[in-house]
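Visitor: Just a sequence and a predicted model for now, questions to come.
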Amino acid sequence: NISIEYKNNLTKKDCTYNDGRFGNIDLSRVGLKQGIPAFRHVPKDLYFYSYNPCYAFSEEPPCTDVAIFEKNGSAYYNLGMNSIVSWSITVDGKVTLVYSVLNRQTIVNLECRDEID
């Protein structure tokens, strides 16, 4: 399950996060390696988002080798690359990834579940 919103500026490039309180978080098993996003065309408001942690994928230009992009009608916007991502975790264990590209920043809130969506 992903939740998307915008915010402002950070960096890190990794697929794992090690936290002394909560242990390791490894997204390499969530992302798909075949060049397609694990989360494809997820609707939010009037837009669609595709997201693949860890492994780049491509759709229409300019969305090549991206982690996340937005589709608005026939327009595509690169919202982040896996090489520029920052992790944060709150005291109650909420994990957030922040992707930065050009003048945009995209926040992905992670949620652990036992079932597969």
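Guide: Sure, I can see it. What you see is a predicted model; the values in this text were computed from it and never measured. Numbers count the residues shown, from 1 in each chain.
Visitor: mind listing the strands for the chain?
Guide: In the chain, the strands defined using DSSP state E lie at 3-6, 16-19, 23-26, 39-44, 47-51, 68-72, 75-80, 85-89, 95-101, 104-110.
Visitor: and the fifth one, what does it pack onto?
Guide: When you say that, I think you mean strand 47-51. strand 39-44, strand 68-72 (3 or more Cβ pairs under 8 Å, 6 or more residues apart in numbering; DSSP states H and E). (Glycine included, C-beta is placed from N, CA and C.)
Visitor: in that strand, what's buried?
Guide: 48-51 (16 or more other Cβ atoms under 10 Å).
Visitor: just to revisit the earlier point, taking the helices and strands packed on strand 47-51 together, which one is wrapped up most tightly?
Guide: strand 68-72 (a mean of 20; mean count of other Cβ atoms under 10 Å).
Visitor: before we move on, the earlier item: would you mind putting the buried residues of strand 47-51 into TSV with pLDDT and distance to residue 24 alongside?
Guide: Converted to TSV, the buried residues of strand 47-51 look like this (pLDDT from 0 to 100; distance: Cβ to Cβ, whole Å):
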residue	pLDDT	distance to residue 24
48	96	31
49	96	26
50	96	26
51	96	21
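Visitor: so which of these comes closest to residue 64?
Guide: residue 50 (12.6 Å; Cβ to Cβ).
Visitor: Contact partners for the closest one?
Guide: 37, 39-42, 57, 59, 68-69, 71 (Cβ atoms under 8 Å, 6 or more residues apart in numbering).
Visitor: quick one: least confident of those?
Guide: pLDDT is lowest at residue 59 among the contacts of residue 50; the value there is 86.
Visitor: show me the contacts for it.
Guide: Residue 59 neighbours (Cβ under 8 Å, 6+ apart): 50, 66, 69, 71, 76.
Visitor: ok, so of those, who is nearest residue 100?
Guide: residue 66 (12.5 Å).
Visitor: No more questions from me, cheers.
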